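> sequence plus the predicted model coming up.
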Amino acid sequence: MIQQENPRAKYIWCFAHRLNLVIVDTADSSVHTRQFLGDLQALIGFMRARKRTLEFVKYQKLIYPTERIRRIKSFSTTRWTSHDRVIIVIFEKYKALYATLECLLKSTDRVTSSGAKNFLNVISSFDFVITMILLRKIFSITTPLSNYLQSKSVDFIEALRLINTSKEQLAKMRSDKKYEELVEEAKQFANHHKLIEVNFKESRKRAKKILPGEKASDEIQSSSFDKYRCHTYFAILDKVITSIQSRFNDSNNILKDFTLLSPERLRTFKNENQQLPQDSFTDLVAWLPEIDINQLRNEYIIFSKSFDDLTSGIDLPTLLHCPESISSSESCEEEEKNITQDEQINMTKIGVSTILYTLSKYDLSAAFPNLYIAYKVLGTIPVTSASAERSFSKVKLIKTRIRSTMGQERLESLMFLSCERDIKIDYEETITLLGRSSDVLKNALLFK
């Protein structure tokens, strides 16, 4: 329907929603994770009672007197980092939770006592501990990415870079060495909290009687250590990595052309030996026919060679009269040495808005007209719809029962005021505009 009105409209699936589906795939990828999250959800429901929550708060104050009080919040389908927050609370406040359940075990209420006993057995098992630590490690990689994709100002190129970085970090976890480190960390956690189970449960091998003439041999039974590594650890990481690849690598071909406009790609083409791919910008030009593909490629190569010089000129140098032509100048070398590592990192953090600002500031849109159009279009592509969806909660607060007959125009104005509170309003100009709307208001507001 939208493309009928505007044929150039492109559907970009929200990256934040995609990442949420990756997290959902992770939760359902293994029996251990399904059981862990199911037990966690049941524990949250059990601890929601006010008296049980107060017991948990009391033991936090006793065991962790200098730390902030944390509460176990429910899982949410819209609050995508809720799984990570619950796991962090249980991991950091494990002693307080264990002491709370031991106290509730002595309760005279049969439901409370029975539930506390069951959950004590659950959280003290080695499978629960190692799965908790594993998911905590995975969520420590995906949660910062999820928070960035839900932020108001998201750079498309930066989003793709963070997605690739997260995928590489998860791929590094998939090794026998990392798995052994995980098991060792789980054992240390169990020993530190004096749990009964400090290792995997080993099941006895059941010997089967071999009948006369039977040629089949007994299947070699794997240990619990190997079973968890194959069926849980590797299975979860493989599912997360493949889910990220399948949900993010199938992006529109136009988006692949836009990745060439990233600062990292621009710096790679600074080298004269580096050449553009033969099919570069073909999908972009098919979408925007006013762009000449040959001129765009030439402008891209020329701009890439002067990219660092242009972006470094946005801010004034520390020494204004430092002679650039004399590379052996001691004063310049001294000044370069004084540049801190943090400043160098900040200078490399350049996004699409910075490049657009550079092209506009130096009036380079005339020199690079096709490249300027490409960057303008890139700046309008939304990476996420999470910020827009936050406005739905504003409607609940604005359009109440008393305002049920409110018209669309007034509702839109109130929504704008509520959502864009950071925009400063010139009250004098507002009064002037309101006064000019009628003669009565004009006499009342402007001519006192």
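That came through fine.
> please make it C-alpha for all contacts and neighbour counts, starting now.
OK.
> what about residue 17, which helix or strand?
helix 15-27 (DSSP states H and E).
> tell me which helix or strand comes right after that helix.
Following helix 15-27 in sequence, per DSSP H and E, is helix 31-47.
> buried residues, that next one. List them.
Under the neighbour-count criterion of 16 or more other C-alpha atoms under 10 Å, helix 31-47 has 32, 33, 35, 36, 37, 39, 40, 41, 43, 44, 46, 47 buried.
> kindly report the same for stretch 188-205.
189, 190, 198, 199, 200.
> for those, give me TSV that also has distance to residue 151, secondary structure and pLDDT.
Formatted as TSV, the buried residues of stretch 188-205 follow (distance: C-alpha to C-alpha, whole Å; DSSP: H, G, I helix; E, B strand; the rest coil; pLDDT from 0 to 100):
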residue	distance to residue 151	secondary structure	pLDDT
189	35	helix	93
190	37	helix	92
198	41	coil	84
199	41	coil	87
200	41	coil	83
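> these into a markdown table, with extra columns for distance to residue 114?
Shown next, in a markdown table, are the buried residues of stretch 188-205 (distance: C-alpha to C-alpha, whole Å):
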| residue | distance to residue 114 |
| --- | --- |
| 189 | 26 |
| 190 | 24 |
| 198 | 24 |
| 199 | 26 |
| 200 | 25 |
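> out of those residues, which comes closest to residue 445?
Here the nearest of the buried residues of stretch 188-205 to residue 445, counting by C-alpha to C-alpha, is residue 189; it sits at 70.5 Å.
> setting aside sequence neighbours, what's the nearest residue to the closest one?
Sequence neighbours aside, residue 129 is the residue nearest to residue 189 in space, at 7.8 Å (criterion: C-alpha to C-alpha, 6 or more residues apart in numbering).
> please, which helix or strand holds the one you found?
Per DSSP H and E: helix 126-149 holds residue 129.
> show me what that helix is packed up against.
helix 15-27, helix 31-47, helix 82-92, helix 156-173, helix 176-192 (3 or more C-alpha pairs under 8 Å, 6 or more residues apart in numbering; DSSP states H and E).
> what does that helix contact?
15-16, 19-20, 32-33, 36, 80-81, 84, 87-88, 91, 122-123, 154, 159, 162-163, 166, 169-170, 182-183, 186, 189-190, 197-200, 233, 383-384, 386 (C-alpha atoms under 8 Å, 6 or more residues apart in numbering).
> show me how to select, in ChimeraX, the buried members of these.
The ChimeraX selection below is limited to those of those classed as buried (16+ other C-alpha under 10 Å):
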select :15,16,19,20,32,33,36,80,81,84,87,88,91,122,123,154,159,162,163,166,170,182,183,186,189,190,198,199,200,233,383,384,386
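> the helix or strand containing residue 244 versus helix 126-149: what angle between them?
Element membership for residue 244, per DSSP H and E: helix 234-248. Here helix 234-248 runs at 20 degrees with respect to helix 126-149, directions being taken by axes from the mean of the first three to the mean of the last three C-alpha atoms, to 10 degrees.
> got the CA coordinates for helix 234-248 in PDB?
Presented in PDB, the C-alpha positions along helix 234-248 are these (Å, rounded to 0.1, in the frame of the first residue of the first chain):
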ATOM      1  CA  PHE A 234      28.000 -25.900  21.100                       C
ATOM      2  CA  ALA A 235      24.300 -26.100  20.200                       C
ATOM      3  CA  ILE A 236      23.400 -22.800  21.700                       C
ATOM      4  CA  LEU A 237      26.400 -20.900  20.200                       C
ATOM      5  CA  ASP A 238      25.800 -22.500  16.800                       C
ATOM      6  CA  LYS A 239      22.100 -21.500  17.000                       C
ATOM      7  CA  VAL A 240      22.900 -17.900  18.000                       C
ATOM      8  CA  ILE A 241      25.600 -17.500  15.300                       C
ATOM      9  CA  THR A 242      23.500 -19.000  12.500                       C
ATOM     10  CA  SER A 243      20.400 -17.000  13.600                       C
ATOM     11  CA  ILE A 244      22.400 -13.800  13.400                       C
ATOM     12  CA  GLN A 245      23.700 -14.700  10.000                       C
ATOM     13  CA  SER A 246      20.200 -15.700   8.600                       C
ATOM     14  CA  ARG A 247      18.400 -12.700  10.100                       C
ATOM     15  CA  PHE A 248      20.900 -10.000   9.300                       C
END
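> sorry, back to before: how near is the residue nearest to residue 189 to residue 284?
50 Å (C-alpha to C-alpha, to the nearest Å).
> neighbour-wise, which of the two wins?
residue 129 (23 against 19; other C-alpha atoms under 10 Å).
> tell me which residues in the helix or strand that the helix holding residue 244 is followed by are buried?
Per DSSP H and E, the first helix or strand lying C-terminal to helix 234-248 is helix 253-258. Neighbour counts over helix 253-258 (16+ other C-alpha under 10 Å) mark 254, 255, 256, 257, 258 as buried.
> could these go into TSV alongside distance to residue 273?
Shown next, in TSV, are the buried residues of helix 253-258 (distance: C-alpha to C-alpha, whole Å):
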residue	distance to residue 273
254	25
255	25
256	22
257	20
258	22
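> can you add distance to residue 116 and pLDDT and give those residues back as JSON lines?
Shown next, in JSON lines, are these (distance: C-alpha to C-alpha, whole Å; pLDDT from 0 to 100):
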{"residue": "254", "distance to residue 116": "55", "pLDDT": "71"}
{"residue": "255", "distance to residue 116": "52", "pLDDT": "72"}
{"residue": "256", "distance to residue 116": "53", "pLDDT": "73"}
{"residue": "257", "distance to residue 116": "57", "pLDDT": "78"}
{"residue": "258", "distance to residue 116": "55", "pLDDT": "78"}
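> so which of the residues you listed is the closest to residue 176?
So of the buried residues of helix 253-258, ranked by how close each gets to residue 176 (C-alpha to C-alpha), first place is residue 256, at 34.3 Å.
> any idea how far that closest one lies from residue 160?
Where residue 160 is concerned, residue 256 sits at a distance of 10 Å (C-alpha to C-alpha).
> now swap in residue 141 and tell me
15 Å.
> contacts for the helix holding residue 244 next, please.
15, 18-19, 22-23, 25-26, 29-30, 167, 170-171, 173-174.
> skip the chain neighbours and tell me the closest residue to residue 266.
Nearest one to residue 266, counting by C-alpha to C-alpha, 6+ apart, is residue 304 at 4.9 Å.
> the one you found touches residue 264, doesn't it?
No. Look at residue 304 against residue 264 with C-alpha atoms under 8 Å: they stay out of range, at 10.1 Å.
> who's more crowded, these two?
residue 304 (21 against 14).
> tell me the contacts of the more buried one?
Contacts of residue 304 by C-alpha under 8 Å, 6+ apart are 266, 267, 269, 270.
> closest to residue 375 among those residues?
Taking C-alpha to C-alpha as the measure, residue 375 lies nearest residue 266 of the contacts of residue 304, at 12.8 Å.
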